[in-house]
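Q: give the three-dimensional model of this entry:
(4 chains)
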2 protein chains.
Amino acid sequence: MKSVVTKPAGRETRKNDPERTREDILRIATEEFSAYGLSGGRVDAIAEKTKTSKRMIYYYFGSKEGLYLAVLEKAYRKIRSLEADLELADMPPLEALRTLIATTFDHDESNPDFVRLVSIENIHHAVHMKQSSEIGVLNVSIVKTIGEVLERGRREGLFRPDVDAVDLHMLISAFCFFRVSNRYTFGTIFHRDLSEPALYSRHKQMISDAVVAYITRPSES
Amino acid sequence: MKSVVTKPAGRETRKNDPERTREDILRIATEEFSAYGLSGGRVDAIAEKTKTSKRMIYYYFGSKEGLYLAVLEKAYRKIRSLEADLELADMPPLEALRTLIATTFDHDESNPDFVRLVSIENIHHAVHMKQSSEIGVLNVSIVKTIGEVLERGRREGLFRPDVDAVDLHMLISAFCFFRVSNRYTFGTIFHRDLSEPALYSRHKQMISDAVVAYITRPSES
DNA sequence: CGAATAATGTACTAACTGGTTCGTGTCAAT
DNA sequence: ATTGACACGAACCAGTTAGTACATTATTCG
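A: Model (predicted):
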C-alpha cells in the first residue's frame, strides 16, 4: 500500500499516477488474458483499453510474460488471503468441513477469471507459476487447516481415518473448479446452463453431501 | 514419398496418399494444439513436423480453425465410441456405477490430449464445438446409461432418489478431469506429482468411494 | 493412351505483433 | 530554479504468421 495521495482535494493537476496506471493495466490485462489466454491475449488490445499506452506496459512489466505473471500473482494473492480468513478451528469438524466446501464453491463461482487463468496456466505446464517466487512459496495454509479438521474429526470418531488432507482438498476443488472451468463445453453437450441459480444451489448441496458422506463412512474395500 | 501401401479392401483405391496425409496432419496438429492451444499452436510448426507441407493443411482443412475443429471432432469421436462400448445394463447397479467411474477415470488419465483440448475449447467459450454439426449432435448416450443405472438402483432401494443423471456424471467427470487438467498447477502448489502410480490408485479408489457413499446414503438436509 | 482431376511443392506476401527508440512532461529535493 | 530520476506517449521496427499464387506431378477413367 502507498501513503496518502499527495493532493487529496482542490487541485487535481496530478498527471503522474504510477499506482493507478499499474493497477489499470493489471485490471485490463486480467480480463484480456482470462478471455483469450496468454498467446491469444494481445498487448496492443490491452494497451488500447487502458487509459495509458503500450509503452507503459513495458515500462512497468518488462514483457508480455512479465505482465501475465503479474496478473497471475495478483489472482493467487487474492485467493490466499481468502483461505487465510477461514476460521475453522473453532467449529465442530463437520460444520468446519461444510463451511470449507461452501467457501470453495462460492469462490470459484464468483471468480471465473481466476479459474480461467489457472486453466491457462495448466496449458502452459505451470511454467510461469514455477518461475514466480511469490506463488512458488504459496504457503498452503489450507492444507494445514484441512489437516487439523480431519484430525479432530478422526479423534471424535466421526471421520474415516485414511483420508489425506491434500486428496480431500482436491476432491472438493475439482468439482467446484470444473463447474466453472468446463461450463461451456459441458453446457453445450448437455444443453444445460451451468450458471443457472437453481443448479448453483443443487450442486453446492451435492458436493457438500458427497464429501460428507465419503468422509463419515468407514473405509470399505 | 509414395510407398506402395495397398489397402486390404479391393474397393479402396490408393491415390497419391490423401488419407495418410490427412491423418498425418491431424495427428501432428493434435499434439501441437494440445500442447500450445489454438492461438499458441503454429501452423508452420505443424507443417514442419508433418511429412507434407503447409499447402496441404490448407488444401484439406481450409484454415487454422478448420484444422483445429477437425482435431476436436476426432477427439470427441473417440470418447463417444468408448462410452457407447460400456455395457452396464447387465450389471448390478452398484457394480455398474463403479465400472463407469473406473472407466471415466482411466479414460482421462490415458488421454491427456483430449483433456487439454477440452480445456482449450472452454477458454474459447466452446464456440468451435457449437459450430460443429458433428459434436453438436453428440448423442450423449452416457446420460441415458447413467439414468438407467440410477433408476435400477432406486428401485432396489439402494440409491437415494433425488440424484440427477447429468449431475452425477458431472460429479464423476469433474474429479477425473481435474486430476489431469490441473495436474501442473496443483502439483506445483502442493509439491505432489499427480502422475505417480501410488496416487493413481488412491485417487481412483477415492472418487469411487465418494460417489458410492453419496449415492447410497439417504437424502439429508 | 490421354484428358481431366486430384494431390502436392515452392516461393511468396500482407498483416500482425511483441518490443523499442526517442523525445516530452512531472515530481521532489536540493 | 535547477536537476535528475521517474512517468509517459507516438511512431516505428523487425520478426513472425496465417494464408496464397502458381507450377508440377500423380491418379483415375473414358
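
Q: what comes up buried for the helix or strand bottoming out on mean pLDDT in chain A?
A: Across the helices and strands of chain A, mean pLDDT, DSSP states H and E gives its lowest value to helix A:133-136, namely a mean of 82. For helix A:133-136, a neighbour-count test (16 or more other Cβ atoms under 10 Å in any protein chain shown) marks A:Glu134, A:Ile135 as buried. All C-beta atoms are positioned from the backbone trio N, CA, C, and that covers glycine.

Q: helices or strands up against it?
A: On a contact count with 3 or more Cβ pairs under 8 Å, 6 or more residues apart in numbering or on different chains; DSSP states H and E, helix A:133-136 meets helix A:64-85, helix A:127-131.

Q: show me where chain A dips below the pLDDT cut-off.
A: A:1-17, A:139, A:219-221 (pLDDT under 70).

Q: same thing but 80
A: Applying pLDDT under 80 to chain A flags residues A:1-19, A:81-85, A:136-140, A:218-221.

Q: residue ranges of the helices in it, please?
A: A:18-40, A:43-49, A:54-61, A:64-85, A:93-110, A:112-123, A:127-131, A:133-136, A:141-155, A:165-181, A:183-190, A:197-215 (DSSP state H).

Q: which of the ones you listed sits closest to B:Glu148?
A: Relative to B:Glu148, the nearest member of the helices of chain A by Cβ to Cβ is helix A:183-190, separated by 16.6 Å.

Q: put the alpha carbons of that closest one into CSV.
A: Provided in CSV are the C-alpha atoms of helix A:183-190 (Å, rounded to 0.1, in the frame of the first residue of the first chain):
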residue,chain,number,x,y,z
ARG,A,183,-19.0,-24.6,-18.1
TYR,A,184,-19.1,-24.0,-21.8
THR,A,185,-18.3,-27.5,-23.2
PHE,A,186,-20.4,-29.2,-20.6
GLY,A,187,-23.2,-26.8,-21.1
THR,A,188,-23.1,-27.2,-24.8
ILE,A,189,-23.1,-31.0,-24.8
PHE,A,190,-25.8,-31.5,-22.2
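
Q: who's in contact with it?
A: A:112, A:178, A:192-195, B:118, B:121-122, B:124-126, B:129-130, B:135-136, B:138, B:140, B:143, B:166, B:169-170, B:173 (Cβ atoms under 8 Å, 6 or more residues apart in numbering or on different chains).

Q: next: stretch A:42-60.
A: Contacts of stretch A:42-60 with the rest of the structure, by Cβ under 8 Å, 6+ apart, involve A:Pro18, A:Thr21, A:Arg22, A:Asp24, A:Ile25, A:Ile28, A:Ala29, A:Glu31, A:Glu32, A:Tyr36, A:Lys64, A:Leu67.

Q: ok, now stretch A:145-163?
A: A:83, A:86, A:88-89, A:93-94, A:96-97, A:100, A:165, A:168-169, A:214-219, B:206.

Q: can you rerun that using 6 Å?
A: By Cβ atoms under 6 Å, 6 or more residues apart in numbering or on different chains, the surrounding residues in contact with stretch A:145-163 are A:Leu88, A:Pro93, A:Ala96, A:Ala165, A:Leu168, A:His169, A:Ile215, A:Thr216, A:Pro218, A:Ser219.

Q: check the offset of it from the chain's centre.
A: Here stretch A:145-163 is found 26 Å from its chain centre; the criterion is Cα atoms, centre = their mean, to the nearest Å.

Q: include distance to B:Val71 when you put the helices of chain A into JSON lines, please.
A: Output for these, formatted as JSON lines (distance: least, Cβ to Cβ, whole Å):
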{"stretch": "helix A:18-40", "distance to B:Val71": "17"}
{"stretch": "helix A:43-49", "distance to B:Val71": "26"}
{"stretch": "helix A:54-61", "distance to B:Val71": "33"}
{"stretch": "helix A:64-85", "distance to B:Val71": "25"}
{"stretch": "helix A:93-110", "distance to B:Val71": "28"}
{"stretch": "helix A:112-123", "distance to B:Val71": "15"}
{"stretch": "helix A:127-131", "distance to B:Val71": "23"}
{"stretch": "helix A:133-136", "distance to B:Val71": "31"}
{"stretch": "helix A:141-155", "distance to B:Val71": "37"}
{"stretch": "helix A:165-181", "distance to B:Val71": "20"}
{"stretch": "helix A:183-190", "distance to B:Val71": "14"}
{"stretch": "helix A:197-215", "distance to B:Val71": "30"}
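
Q: okay if I get these as CSV plus distance to DNA strand D?
A: Listed next are the helices of chain A as CSV, based on distance: least, Cβ to the nearest atom of the strand, whole Å:
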stretch, distance to DNA strand D
helix A:18-40, 3
helix A:43-49, 8
helix A:54-61, 3
helix A:64-85, 13
helix A:93-110, 31
helix A:112-123, 16
helix A:127-131, 17
helix A:133-136, 20
helix A:141-155, 33
helix A:165-181, 25
helix A:183-190, 22
helix A:197-215, 37
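
Q: DNA strand C versus A:Gly147, what's the distance?
A: Plainly put, A:Gly147 is 41 Å away from DNA strand C if you go by Cβ to the nearest atom of the strand, to the nearest Å.

Q: actually A:Met170, sorry about that
A: Plainly put, A:Met170 is 33 Å away from DNA strand C if you go by Cβ to the nearest atom of the strand.

Q: count the residues that sit near the closest residue to that residue other than its chain neighbours.
A: In this structure, A:Met170 finds its nearest non-sequential neighbour in B:Phe186, 6.8 Å apart by Cβ to Cβ, 6 or more residues apart in numbering or on different chains. Using other Cβ atoms under 10 Å in any protein chain shown, B:Phe186 is surrounded by 22 other residues.

Q: how much space separates B:Phe186 from A:Glu134?
A: Using Cβ to Cβ, to the nearest Å, B:Phe186 is found at 18 Å from A:Glu134.

Q: also A:Gly153?
A: According to Cβ to Cβ, A:Gly153 stands 33 Å off from A:Glu134.

Q: which positions in chain A make contact with chain B?
A: With the criterion set to Cβ under 6 Å from any Cβ of the partner chain, chain A comes near chain B through A:37, A:39-40, A:118-119, A:121-123, A:125-126, A:129-130, A:138, A:166, A:174-175, A:177-178, A:181-182, A:184-185, A:188-190, A:209-210, A:213-214, A:217.

Q: quick check on the residues you listed: which are buried?
A: Buried by 16+ other Cβ under 10 Å: A:37, A:39-40, A:118-119, A:121-123, A:126, A:129, A:138, A:166, A:174-175, A:177-178, A:181-182, A:184-185, A:188-190, A:209-210, A:213-214, A:217, out of these.
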